[in-house]
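Asker: Based on what follows, work out the 3D shape:
(one chain, ligands or ions: 1)
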Amino acid sequence: MRERLQALKEEALAKVDQADTLNELQDIKVAYLGKKGPITEVLRGMGKLSKEERPVIGELANKVRETIAGELDAKKEKLEARELEEKLEKETIDVTLPGRPVTLGGPHLLTSIVEEIEDLFIGMGFEVREGPEVETDYYNFEALNLPKGHPARDMQDSFYITEELLMRTHTSPVQARTMGKYQGSKPVKMICPGKVYRRDTDDATHSHQFTQVEGLYVDRNVRMSDLKGVLNRFAKQMFGEEREIRLRPSFFPFTEPSVEMDISCKVCHGEGCSVCKGTGWIEILGGGMVHPRVLEMAGYDSKEYTGFAFGMGPERIAMLKYGVDDIRHFYTNDIRFLKQYHKA
Ligand code: 2NL
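Answerer: Next comes the predicted model:
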């Protein structure tokens with residue numbers, strides 16, 4: 001038995017020595033140390049031994065088992081280390097390879113234009129305010145001198161949600177809310193950018209959803225000349241210092257008097273060409289002096305306070321500034337269009 005154990009030990013150790021993979025090691029472990037292995041078999045046969053021999057053989061068998069297990073573990077560690085090394089070698093990264101290009105996005109043209117308008121008016125002391133896109137009939141119409149049944153409501157055919165709620169047709173309700181909150185207690189100098197909605201059939205110049213930036217300045221002694229000065233600065237900063245502006249009489253229910261502003265055509269400088277349809281001027285926005293009734297409804301004493309207001313469409317501003325020929329380009333998200341306006 002002694003010899004048998006000795007032979008088993010040498011045989012197993014030789015196999016461990018030769019083993020080249022973790023799988024082979026596992027097989028050796030099962031074959032020699034497993035429940036059906038030869039060492040277990042030797043231990044089972046010990047019943048036939050004498051009382052003196054039994055502990056001696058038992059101890060020897062355990063020692064053989066421990067030796068084989070120890071060698072298996074040592075070899076296992078070695079093979080695992082080698083495997084890791086090979087893996088690391090295989091997975092090295094060639095840092096000299098050219099990198100994959102990262103495509104950088106950028107703000108949408110409309111976002112850039114709105115931010116440019118905001119910055120420009122912030123520079124003249126205006127605050128930027130936003131408000132809800134779902135509005136009450138009161139703030140969208142009534143508070144702006146557009147009572148129920150007023151014919152001008154038809155020009156802003158609207159998306160109603162209930163009798164009293166609709167998608168706002170302009171951003172003026174944000175201004176009406178602000179004035180209403182102050183109730184004549186302090187001046188207001190704000191612009192409000194945002195999305196507005198009108199029931200319209202989409203074409204190259206119309207969209208049922210578009211963007212507006214409106215401005216409002218209410219204080220003591222605000223005059224038409226203040227409106228003209230602010231809008232002149234806006235036009236020159238947005239379109240170029242060489243541009244001239246002109247104001248023409250117009251009508252809005254919430255301003256009196258009302259004006260429309262044109263800028264001189266940059267193509268013909270006022271001579272008349274196809275861009276300005278022969279007039280030398282291009283219409284860019286509307287405005288006027290806030291109607292006294294609008295001031296009174298918001299709690300401002302129209303004998304003490306006056307104000308100007310104006311409204312513009314950033315889509316139109318961008319179309320004129322960059323020669324965009326169809327308003328739908330802003331909403332259809334064709335990357336070939338959008339990429340042209342990503343600043344470097
Ligand atoms: C346009 C013209 C305009 C206003 C907007 C306004 C707001 C208040 C009071 C009085 Cl709270 N007016 N806004 C006034 C005149 C014209 O917009 O053509 N927008 C695209």
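Asker: distance between stretch 292-308 and the chain's centre?
Answerer: 39 Å (CA atoms, centre = their mean, to the nearest Å).
Asker: Compute the first-to-last residue distance for it.
Answerer: 11 Å (CA to CA, to the nearest Å).
Asker: Is that stretch in proximity to the ligand?
Answerer: Yes - using CB under 6 Å from any ligand atom, stretch 292-308 reaches the ligand at Val294. Where C-beta positions appear, they are placed from N, C-alpha and C, glycine not excepted.
Asker: so how many other residues sit close to Thr40?
Answerer: Other residues near Thr40 come to 15 when the count uses other CB atoms under 10 Å.
Asker: Kindly report the same for Gly131.
Answerer: Using other CB under 10 Å as the criterion, the residues surrounding Gly131 number 17.
Asker: Chain neighbours aside, what residue packs nearest to it?
Answerer: Val174 (3.4 Å; CB to CB, 6 or more residues apart in numbering).
Asker: And the average pLDDT for the host helix or strand of the one you found is what?
Answerer: Assigned by DSSP states H and E, Val174 belongs to helix 172-182. Taken as a whole, helix 172-182 has a mean pLDDT of 98.
Asker: Let me know the average pLDDT across the next helix or strand after it.
Answerer: Counting by DSSP H and E, the element after helix 172-182 in chain order, helix or strand, is strand 188-197. Averaged across strand 188-197, pLDDT comes to 98.
Asker: who does strand 188-197 touch, helix- and strand-wise?
Answerer: When contacts are defined as 3 or more CB pairs under 8 Å, 6 or more residues apart in numbering; DSSP states H and E, strand 188-197 packs onto helix 109-122, strand 127-128, helix 172-182, strand 209-219.
Asker: nearest to Val275, of these?
Answerer: Val275 sits nearest to helix 109-122 of all the helices and strands packed on strand 188-197, at 19.2 Å, using CB to CB.
Asker: Taking strand 209-219 as reference, get the angle to the closest one.
Answerer: Angle, helix 109-122 to strand 209-219, by axes from the mean of the first three to the mean of the last three CA atoms, to 10 degrees: 0 degrees.
Asker: Go ahead and produce CSV holding the CA coordinates of helix 109-122.
Answerer: Only the C-alpha atoms of helix 109-122 are listed here, as CSV (Å, rounded to 0.1, in the frame of the first residue of the first chain):
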residue,chain,number,x,y,z
LEU,A,109,-30.5,78.2,-35.5
LEU,A,110,-33.7,79.4,-33.8
THR,A,111,-32.2,78.9,-30.4
SER,A,112,-29.2,80.9,-31.4
ILE,A,113,-31.3,83.8,-32.8
VAL,A,114,-33.5,83.9,-29.7
GLU,A,115,-30.5,84.0,-27.5
GLU,A,116,-28.9,86.7,-29.6
ILE,A,117,-32.1,88.8,-29.3
GLU,A,118,-32.2,88.2,-25.5
ASP,A,119,-28.6,89.3,-25.1
LEU,A,120,-29.2,92.4,-27.1
PHE,A,121,-32.2,93.5,-25.0
ILE,A,122,-30.5,92.4,-21.7
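Asker: So Leu285 lies in a strand, does it not?
Answerer: Yes - assessed with DSSP: H, G, I helix; E, B strand; the rest coil, Leu285 lies in a strand.
Asker: what's the distance between it and the ligand?
Answerer: Leu285 sits 6 Å away from the ligand, going by CB to the nearest ligand atom, to the nearest Å.
Asker: Chain neighbours aside, what residue packs nearest to Asp326?
Answerer: Counting by CB to CB, 6+ apart, Ala204 is the residue found nearest to Asp326 once chain neighbours are left out, at 4.6 Å.
Asker: Where does the one you found sit: helix, strand or coil?
Answerer: Put simply, Ala204 is coil when judged by three-state DSSP.
Asker: Could you list the low-pLDDT ranges of the stretch 201-344 of the chain?
Answerer: Counting by pLDDT under 70, the stretch 201-344 of the chain shows low-confidence ranges at 344.
Asker: OK, contacts around the residue of the stretch 51-200 of the chain found nearest the ligand?
Answerer: Using CB to the nearest ligand atom, the single residue of the stretch 51-200 of the chain nearest to the ligand is Gln175, 3.4 Å away. With contacts defined as CB atoms under 8 Å, 6 or more residues apart in numbering, the neighbours of Gln175 are Arg129, Val188, Met190, Cys192, Glu214, Leu216, Ala309.
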